[in-house]
Each structure stands twice: as structure tokens, then as C-alpha cells.
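Trainee: Sequence first, predicted model second:
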Amino acid sequence: MKLIYALLFMCSIAVNAQNSYENGVKHFKRENLTAALLDFKNISIGEDKYWKAQEYIGDVYAKQENWDESVEVYENLVETFPQSANYNFKYGGALGMKALTLSKMEAAFYISDIKYYLKEAAQLDENHIEARWALAKLYMQLPGILGGSTSTAYKYTDELLQISPVDGWLAKGYVASEDKDFQAAEKYYKNALTVGGSITCYQELIHFYENKMNKKEQAQQLRKEAQEKHPAHNWTNI
């Protein structure tokens, strides 16, 4: 009987952990972040879904822009699963977002770690799109003295082009635009639109025309075309 009770108790714990996880995921998807956090924290180490729940906890903190807590959770995940490209990416990204809240002098101390973990994610997963996007943006935003480099940024856009042509052209458009090579940027954004034709592709080219080139008429014409291609989307304020 003791064995039976023990088995029933263990089954009860497992069921509760599963219910907490499933409820947490539902709350997370509905942006009920406080409720999601409580559910995920209800799952103890050793229980099924514990590590996945930990990742969600980090994601909740990231959505709340609580970067200190997010960094701590992702760091623990990376230390436990160093070969996970996803955890390396999230840790590097959270460090980057935390750095943005600091002074330039304080943020400079984070640069090497941010680069390391984002690069690690890209190396661990040759098809990791988000890591390469983050690296392209990082190298364009960093000043040269801290390792910023347009050529290095383009290196990652070239890799993106091989993985996802749409992302590759959009990333090249971003880099060229930041480099003030507007002729090249326009070509890259148009290439992305030709290949993808998505809402994002239209948005990026419209924003480019309005904010970088001051071509209001072309932006308006493109907005009309976008409305015809994606009528369910609200293009009024884009």
C-alpha cells in the first residue's frame, strides 16, 4: 500500500507540473505575463518541462524588459546546455538589451560577451536567422573603436541570404541604409519585396522611402499596392 500511495503521489506531482506548464503557456500566449510567471515558477527542478519552463520565465522577464532577471535565467540555461544555439542567442540578446539601459562606459564592458554568445548561436546553428540578424545590427550600431564594422555586418547578411533570401535582402537593406548607401538600400529592399511580397517587406520599403529618402509620393504609391496585396492589414499609419 505504501508503494501504491507513493506512486499516486508522484503521479499527482507530475500531473500538477504538466497542468502548470500548459496553463503557463496559455497565459504567455495571451500576454497574461504575471499569471504565466506564477505557473512556470510552480514547476520544480527535476520535474518534466522544468527547463522549458525556465526558458519561458526568461522570456516573460524579457517581455517585461526586466533584463537583470532575464539575463540571470538565460545564463543558467546556457551554463546547463552550452550547445543550445537558442539559449546562447537569448542570453546574448538579453545582455545586449541590458547594455542599452546603461551608460556607454558601462555598456562597453558587455560588448565582448554579447558578441561571443551571438556568434556562438550562429556557429551552433548554421540556419539560425535571428542570431545573424542580431549580429548584423550589432556591428552596424557599434562605433568602430568597439569593433563596429560595415563589412562584418554584410558578412552576416550574406549568410542570411543563403538561409532565407527575404531576410538576407532585408538585412542588406538595413545595413546599406545605416551606411547611408541609399541607392543600394533601395535595391535590396526591392529585392526583398520581389522575393517575399510580405507585409514586412512592404513596411520596410515604405519606411525607407518616407524616413530615409523623403519620397512621400513613392511611399504612398507603394502603400496603395500593399493595400491591394494585403487588404486585411491596416496600412493607414504605415
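Mentor: Looks like it arrived, so ask away. From a predicted model like this one, the values you see are computed outputs, not experimental measurements. Numbers count the residues shown, from 1 in each chain.
Trainee: distance of the residue positioned nearest the centre of the chain from Lys190?
Mentor: The residue lying closest to the centre of the chain (CA atoms, centre = their mean) is Glu130, at 5.6 Å. Distance, Glu130 to Lys190, using CB to CB, to the nearest Å: 24 Å. Any C-beta I mention is one placed from the backbone N, CA and C, and that applies to glycine too.
Trainee: now do Leu161
Mentor: Distance of Leu161 to Lys190, computed by CB to CB: 15 Å.
Trainee: do Ile163 as well
Mentor: Per CB to CB, Ile163 is found 20 Å from Lys190.
Trainee: Skip the chain neighbours and tell me the closest residue to Ala108.
Mentor: Residue nearest to Ala108 in three dimensions, not counting chain neighbours: Leu146, with 6.2 Å by CB to CB, 6 or more residues apart in numbering.
Trainee: Please apply the same query to Glu65.
Mentor: Per CB to CB, 6+ apart, closest to Glu65 is Met97, 7.4 Å.
Trainee: How about Asp59?
Mentor: Per CB to CB, 6+ apart, closest to Asp59 is Phe28, 7.2 Å.
Trainee: helix or strand right after the one helix or strand that neighbour maps to?
Mentor: Using DSSP states H and E, Phe28 sits within helix 2-29. Where DSSP H and E defines the elements, the next helix or strand beyond helix 2-29 is helix 33-41.
Trainee: What mean pLDDT does that next one get?
Mentor: Mean pLDDT, helix 33-41: 95.
Trainee: Could you tell me what pLDDT the model assigned to Lys98?
Mentor: Lys98 is given a pLDDT of 94.
Trainee: Could you double-check that it lies in contact with Trp67?
Mentor: Yes - assessed by CB atoms under 8 Å, Lys98 is found in contact with Trp67 at 3.8 Å.
Trainee: what's the burial count for Lys212?
Mentor: By other CB atoms under 10 Å, 15 other residues sit near Lys212.
Trainee: Any figure for the gap between it and Lys172?
Mentor: From Lys212 to Lys172 the distance is 14 Å (CB to CB).
Trainee: Could you do Leu205 as well?
Mentor: Distance of Leu205 to Lys172, computed by CB to CB: 13 Å.
Trainee: now swap in Asn86 and tell me
Mentor: 25 Å.
Trainee: which of these two has more neighbours?
Mentor: Lys172 (24 against 18).
Trainee: Quick check: closest non-adjacent residue to that one.
Mentor: Lys172's closest residue in space is Tyr188 (CB to CB, 6+ apart), at 4.1 Å.
Trainee: Helix or strand: which one has that neighbour?
Mentor: Judged by DSSP H and E, Tyr188 forms part of helix 182-196.
Trainee: Show me how far that helix is from its chain's centre.
Mentor: Relative to its chain's centre, helix 182-196 lies at 22 Å (CA atoms, centre = their mean, to the nearest Å).
Trainee: which residues of the protein fall in helices?
Mentor: Taking DSSP state H as the test, the helices found in the chain are 2-29, 33-41, 50-63, 67-80, 85-100, 104-108, 111-124, 129-141, 150-163, 165-178, 182-196, 199-207, 216-229.
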